[in-house]
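>>> Sequence and computational prediction follow.
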Amino acid sequence: MDCRSEKSTINGPIAQAVAQIAETSKLRTLQKAPRQRLSRAITLVDSMLCSLEYLNLEGKAPAPGALASRIRSLRQAMPGECGIRIDPKCTPQRLMDELFNVQQQLLAMRAGPDWEWAYGETEDE
């Protein structure tokens with residue numbers, strides 16, 4: 001094979017298609033990343049709520065160390081624009097209330113602007 005045919009293979013239509021597919025795949029991954037981060041945070045919140053509800057039914061308090069660790073994991077998974085005001089030392093009920101608020105924010109962010117009406121305050125007319 002001579003130099004010309006090697007060069008034409010590298011720049012040929014198949015090589016261009018492969019490069020285009022790779023670029024499209026990379027862009028798609030970057031586009032999906034924020035939604036995947038939201039899904040991970042929602043899963044963490046759901047898991048924490050489930051654990052707290054179970055402990056609450058048994059009349060037990062959550063272990064502070066384990067709770068602090070899970071809150072740290074949640075903060076790392078949260079998008080930057082979503083503030084978290086969770087104190088591991090607060091009562092389980094207060095913690096659950098705050099987690100429900102965080103969950104509502106995350107679900108609204110994942111749903112996007114077309115669903116803002118579903119998460120807004122209702123006004124009595």
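Looks like it came in fine. Since this is a predicted model, take the numbers as computed values, not measurements. Numbers count the residues shown, from 1 in each chain.

>>> which SSE is residue 56 in?
Per DSSP states H and E, residue 56 falls inside helix 13-58.

>>> Which SSE is immediately downstream of that helix?
helix 64-77.

>>> Mind giving me the packing neighbours of that following helix?
Applying 3 or more C-beta pairs under 8 Å, 6 or more residues apart in numbering; DSSP states H and E, one finds that helix 64-77 contacts helix 13-58. The C-beta positions use only the backbone N, C-alpha and C, and glycine is treated the same way.

>>> elements contacting the helix it packs on?
Packing contacts for helix 13-58, counted by 3+ C-beta pairs under 8 Å, 6+ apart, involve helix 64-77, helix 92-111.

>>> Would you pull up how far the last one lies from the middle of the chain?
A distance of 13 Å separates the C-alpha centroid of helix 92-111 from that of its chain, computed with C-alpha atoms, centre = their mean, to the nearest Å.

>>> relative to helix 13-58, how tilted is it?
Computed by axes from the mean of the first three to the mean of the last three C-alpha atoms, to 10 degrees, the angle separating helix 92-111 from helix 13-58 equals 160 degrees.

>>> could you give the angle of helix 92-111 to helix 64-77?
20 degrees.

>>> For helix 92-111, which helices and strands make contact with it?
Applying 3+ C-beta pairs under 8 Å, 6+ apart, one finds that helix 92-111 contacts helix 13-58, helix 116-119.

>>> Can you tell me which of those is packed in deepest?
Each of those was scored by mean neighbour count; the highest is helix 13-58, a mean of 13, by mean count of other C-beta atoms under 10 Å.
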